[in-house]
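Chemist: no sequence on this one, just coordinates:
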């Protein structure tokens with residue numbers, strides 16, 4: 001990695017100041033920021049660690065800005081953390097809650113720098129929640145394009161990139177790949193609510209659940225079992241679809257952003273989890289078709 005780091009540092013030293021202000025590397029002496037090391041550590045802690053560090057993964061650079069909470073002074077890293085395996089795009093921040101995990105775009109021997117930077121940038125523009133000045137936004141784009149052109153060919157030349165990214169074959173490891181680990185809890189992780197959900201609707205062997213309980217009202221949301229999925233909205237009856245039913249009538253988006261149509265039933269997740277519906281649909285269909293297993 002030393003050769004790639006040297007290429008990044010050469011670029012950083014010669015880049016326009018607008019790019020230097022939003023680009024951080026493993027340099028001891030940054031051309032603009034004295035706290036470069038602290039910024040890299042913060043970005044690694046906030047972006048990489050929540051999704052899990054891969055074996056032999058090495059952080060190469062961070063392109064981004066900070067969302068700062070006025071009351072507490074807390075800084076959230078927003079932007080792109082580039083490693084030798086992938087680009088992690090962090091678009092979310094929160095004053096009180098845990099931000100959504102970063103989106104991962106993996107490098108392979110078949111991908112080009114142009115394909116990667118275009119996909120990552122378009123995804124960031126779609127998901128980003130922070131108001132970023134146009135000058136900084138342009139600098140982030142330019143640095144992303146330039147660094148991808150530096151890093152990916154060097155990784156190609158090293159011969160260490162896989163031809164394809166193989167997804168997990170188990171539900172346990174597929175959940176973090178889809179970014180669901182913060183909200184889709186195992187029975188043990190959310191036993192109190194899932195036990196109440198199971199007892200009320202006579203559900204056996206709950207494996208995972210995305211449920212909630214308001215101050216006044218019963219448990220609602222969606223549970224995944226060995227036999228299928230069961231969900232229940234507030235003030236409504238529960239609905240169950242078996243894996244065979246979902247295999248015949250695949251999960252897809254409903255009319256509302258918190259609805260999932262599957263197995264000829266309308267299922268729901270808590271409305272504050274509606275942004276996770278696409279990933280949850282992917283998981284449900286992969287279980288139904290036996291692409292992944294418990």
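Modeler: Noted; the coordinates are in hand. Model, not experiment: these values are computed from the prediction.
Chemist: break this protein down into its domains, please.
Modeler: 2-158, 171-288 (automatic domain parsing).
Chemist: can I get those in TSV with mean neighbour count and distance to residue 164?
Modeler: Glycine gets a C-beta too; all of them are placed from N, C-alpha and C. TSV is the format used below for the domains of the chain (neighbours: other C-beta atoms under 10 Å; distance: least, C-beta to C-beta, whole Å):
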stretch	mean neighbour count	distance to residue 164
domain 2-158	17	6
domain 171-288	18	14
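Chemist: mind checking which of those is nearest residue 294?
Modeler: Nearest to residue 294 among these is domain 171-288 (5.4 Å), distances taken as C-beta to C-beta.
Chemist: ends of that closest one, how far apart?
Modeler: 11 Å (C-alpha to C-alpha, to the nearest Å).
Chemist: ok, residues contacting the lengthiest helix in the chain?
Modeler: For the chain, the helix with the greatest residue count under DSSP state H is helix 134-158. Here helix 134-158 makes contact (C-beta atoms under 8 Å, 6 or more residues apart in numbering) with 3-4, 7-8, 11, 15-16, 18-19, 21-23, 60-61, 63-65, 79-80, 82, 84, 87, 107, 109, 111-113, 116-117, 120-121, 132, 161.
Chemist: output the contacting helices and strands for the helix or strand that that helix is followed by.
Modeler: Toward the C-terminus, helix 134-158 is succeeded by helix 171-177 as the next helix or strand (DSSP states H and E). The helices and strands touching helix 171-177, judged by 3 or more C-beta pairs under 8 Å, 6 or more residues apart in numbering; DSSP states H and E, are strand 206-212, helix 277-288.
Chemist: repeat that with 7 Å
Modeler: helix 277-288 (3 or more C-beta pairs under 7 Å, 6 or more residues apart in numbering; DSSP states H and E).
Chemist: shaky segments in the chain?
Modeler: Applying pLDDT under 70 to the chain flags the ranges 69-73, 94-98, 165.
Chemist: which residues in it form helices?
Modeler: For the chain, applying DSSP H gives helices covering 2-14, 17-20, 36-43, 113-127, 134-158, 171-177, 191-201, 243-248, 277-288.
Chemist: could the domains of the chain go into JSON lines alongside distance to residue 294?
Modeler: What follows is these, written out as JSON lines (distance: least, C-beta to C-beta, whole Å):
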{"stretch": "domain 2-158", "distance to residue 294": "20"}
{"stretch": "domain 171-288", "distance to residue 294": "5"}
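Chemist: surely residue 102 touches residue 47?
Modeler: Yes - using C-beta atoms under 7 Å, residue 102 makes contact with residue 47 at a distance of 4.9 Å.
Chemist: where do the contact lists of these two overlap?
Modeler: Residues touching both residue 102 and residue 47 comprise 88, 90, with contact defined as C-beta atoms under 7 Å, 6 or more residues apart in numbering.
Chemist: export the helices of the chain to TSV and tack on distance to residue 52?
Modeler: Output for those, formatted as TSV (distance: least, C-beta to C-beta, whole Å):
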stretch	distance to residue 52
helix 2-14	22
helix 17-20	30
helix 36-43	16
helix 113-127	19
helix 134-158	20
helix 171-177	6
helix 191-201	23
helix 243-248	27
helix 277-288	16
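Chemist: among those, which is nearest residue 261?
Modeler: helix 277-288 (9.2 Å).
Chemist: now that closest one, how far from the chain's geometric center?
Modeler: When C-alpha coordinates are averaged (C-alpha atoms, centre = their mean, to the nearest Å), helix 277-288 and its chain have centres 15 Å apart.
Chemist: again, but for stretch 48-55
Modeler: On C-alpha atoms, centre = their mean, the centre of stretch 48-55 falls 11 Å from the chain's centre.
Chemist: try stretch 191-201
Modeler: 28 Å.
Chemist: for stretch 7-25, same thing?
Modeler: On C-alpha atoms, centre = their mean, the centre of stretch 7-25 falls 26 Å from that of its chain.
Chemist: who's in contact with that stretch?
Modeler: For stretch 7-25, contacts defined as C-beta under 7 Å, 6+ apart pick out 5, 27, 30-32, 36, 39-40, 60-65, 135-136, 139-140, 142-143, 146-147, 150, 154.
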